[in-house]
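1. What shape does this take:
(3 chains)
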Amino acid sequence: MFGYTFQWNQALARLPKMLDGAVVTMEVAVLSMLIGIAFAILLTLLRLSGSRPLRAIATGWVEIARNTPALFQIYMAHFGVASFGIHFSPFISLLIGITFNNAGYLAENFRGALKAIPDTQTRAGRSLGMSQLQAFRYIILPQMLRISFLPMTNQMVWAVLMTSLGVTVGMNSDLYGVTQDLNALTFRTFELFAIAGVIFYIITKAITLSARLIAARLFRY
Amino acid sequence: MIEIQNVHKSFGQLEVLKGIDLTVEKGEVVTVIGGSGSGKSTLLTCINGLEPIDSGKILVDGVEVHAKSTNLNKLRQKIGIVFQQWNAFPHLNVLENVTLAPRKVLGMGKAEAEAIAEKQLKHVGLGDKLSTYPSRLSGGQQQRMAIARALAMSPDYMLFDEVTSALDPQLVGEVLETLKMLAEEGMTMICVTHEMAFARDVSNRVAYFHKGIMAEIGAPEQIFGDPQHPETKKFLASVR
Amino acid sequence: MFDTALTTADLIFLAKGAGMTILVTAISVAIGTALGIAFGVIRVQFGAALTAPLTFVLDIFRSVPLLIQLVLANAFLGMVLKLQLSGFFVACMVLSLYTSAYCAEIVRGGIDAVPATTRRAARSLGVSWGQDMRYIVLPLATRVALPSWIGLALGVMKDSALVYVVQVTELLKSTQILITRLQEPLFLLMIGGAFYFLISFPLARFGGYLEKRWSND
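-> Below is the predicted model of the structure:
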């Protein structure tokens, strides 16, 4: 009918390789989230700090992350830093780029979440003898993360989708990279990328679903 | 002993404390009454150093609260405070609310902290709510939890800042009963309150604050029976 | 300040790339918004059960990397259907659908934010469905949706950097071509990044301002 013969078997034979790629994709996404959350918390603290330069650095990070393409951020982490004689592997460049993006977006979410927590919570902690940092760590932070849980889930989905950009800096071990390499070998472009798309779809659905289950278990209050 | 010496405090243009002198002895219960904006709540937050003061001195067991060298976190361990808004930590259950500070501030082990917390929670009548989250408690229960939370730090002094003001009327009684119990056990307390009957029954001395000044202080019988200051008379007439 | 081999011709080349970024974004946002409004209204009007297939399809656009969407569309239209379509056309088509998927969510959120009681009150006054949508729902839903829509439009502009994969030379691709030739990656990337930033930052601020102002009412 189309004058084109779909050869799904040929593409499906490559599925194990693509699933290996999906594992790498998940590795990058999970690492970029964990490190990204840590940096986002740091950025949040810096934005609350009394030091003007520290606040400016944090705000600069957040605004650049939110107002330039993720692809630009990954290019920066790969080609940009090369100007300083620094050469990262594609994996590291991709990880840095996505982490930078995650941290910026999450820091903005965290700032919104903080507005929903009354100042009196910190005050109550301080009046029990806690230091400012202890009050943040034990009282504010858990509530902030809880309020930001849904945005964090969305960011995790974004992180997974962003891994596909690694190919632009020479990454070939992740799902997109593997698919691209297989495509160069077999030219079954549509079939291969359709399968990759389905795998991405399943991954993102799995993330949303497990986030819901985790939330139900974690947040009983 | 808490010694308050000629304390002045302003918020911007507004001077809320205009030279307060007050000494509270160990084991004494002092209630502070007065209209809103009289500075009585501010005084409490100055005593534990949550608010800075402009001039004067506050000494707790001889340690000057607002001196630069004072470790406020350490000092606050012996001054418990409970606010009008009970400030339950919503992400922690009742037991965790109470054990948090003993564990993180005093470095207590889990078992020891839980034993103390359970004892204090039973004391305020919440022994059966240990694993409940604050959102499932009434205001009165949350306020009693806040009291247990402060008591778990084994403070030498307790400050109560209008702890019944935000409660539904039918819940006021249970909280006042808890305060009364503490007073009878010999806790040194300063209570800012609008509950005149409570002030009369529980206090060793009652202080009347008016516009940043302590207009009058004396035994409850004297303040309620024979007020000297014209503003005290006016105030008491208005609340009766 | 910078010792650069960048020539005027190169700058014009970059400007063309920027123009392409703007053009692809403008077309996709315009078509995507129109489609998104239609999809959003249909979803609210016909209920979740009836529109489940539509919801499912739109969700795919939000769950599969845009890069794969572009490659798949290009392969399907070119290799399978053997259509001779320009990369520009494919880019705009995919980005429009991509935009519409997010826009439908925003529209649905906006309409849902209009209290049912308000709408019932209007309908009970004898107002028609069209009038209800035009005079009650539209103004109220716009307040909720506009800030998110600005965010979406800016997001599409940033995501349009991926259309290089269907041979459209937009700003970031132009930058990359120059990088390969001039070997001045940091300088060139900063020019490219600044362009996105200078458009996105003020508009994002404006969206945030609208959101704050309207949520305070």
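2. The helix or strand where residue C:141 lies near chain A at all?
-> Element membership for residue C:141, per DSSP states H and E: helix C:138-159. Yes. For helix C:138-159 and chain A, the contact criterion (Cβ under 8 Å from any Cβ of the partner chain) is met by C:154, C:158, C:159. From N, CA and C alone the C-beta is placed, and that goes for glycine too.
3. Kindly format the C-alpha coordinates of the helix or strand following that helix as PDB.
-> The helix or strand immediately downstream of helix C:138-159 is helix C:171-182, counting by DSSP H and E. Taking Å, rounded to 0.1, in the frame of the first residue of the first chain, the C-alpha atoms of helix C:171-182 are listed here in PDB:
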ATOM      1  CA  LEU C 171      20.300  29.400  15.300                       C
ATOM      2  CA  LEU C 172      22.000  26.700  17.300                       C
ATOM      3  CA  LYS C 173      22.900  24.700  14.200                       C
ATOM      4  CA  SER C 174      24.300  27.800  12.500                       C
ATOM      5  CA  THR C 175      26.400  28.400  15.700                       C
ATOM      6  CA  GLN C 176      27.600  24.900  15.500                       C
ATOM      7  CA  ILE C 177      28.600  25.100  11.800                       C
ATOM      8  CA  LEU C 178      30.600  28.200  12.600                       C
ATOM      9  CA  ILE C 179      32.200  26.500  15.600                       C
ATOM     10  CA  THR C 180      33.400  23.700  13.400                       C
ATOM     11  CA  ARG C 181      34.900  26.200  11.000                       C
ATOM     12  CA  LEU C 182      36.300  28.900  13.400                       C
END
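4. Pull out the buried positions in helix C:171-182.
-> C:171, C:172, C:173, C:174, C:175, C:176, C:177, C:178, C:179 (16 or more other Cβ atoms under 10 Å in any protein chain shown).
5. residues in contact with that helix?
-> Contacts to helix C:171-182, defined as Cβ atoms under 8 Å, 6 or more residues apart in numbering or on different chains, come from residues A:69, A:71-72, A:75, A:79, C:4-6, C:10, C:13-14, C:16-18, C:20-21, C:161, C:164, C:169, C:184-185, C:188-189, C:191-192, C:195-196.
6. Only whichever of those residues are buried, select them in ChimeraX.
-> For the buried members of those, the matching ChimeraX selection, counting by 16+ other Cβ under 10 Å, is:
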select /A:69,71,72,75,79 /C:6,10,13,14,17,18,20,21,161,164,169,184,185,188,189,191,192,195,196
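7. out of the contacts of helix C:171-182, which are inside helices?
-> Judged by DSSP state H, the contacts of helix C:171-182 include A:71-72, A:75, C:10, C:13-14, C:16-18, C:20-21, C:185, C:188-189, C:191-192, C:195-196 as members of helices.
8. Can you tell me which of the buried residues of helix C:171-182 is nearest residue A:208?
-> Of all the buried residues of helix C:171-182, residue C:172 has the smallest distance to residue A:208: 29.4 Å, by Cβ to Cβ.
9. Spatially central residue for the chain, please.
-> Answering for chain A, as no chain was given. Among the residues of chain A, the one closest to the centroid is residue A:159, at 3.3 Å (Cα atoms, centre = their mean).
10. my bad, chain C
-> residue C:156 (3.5 Å).
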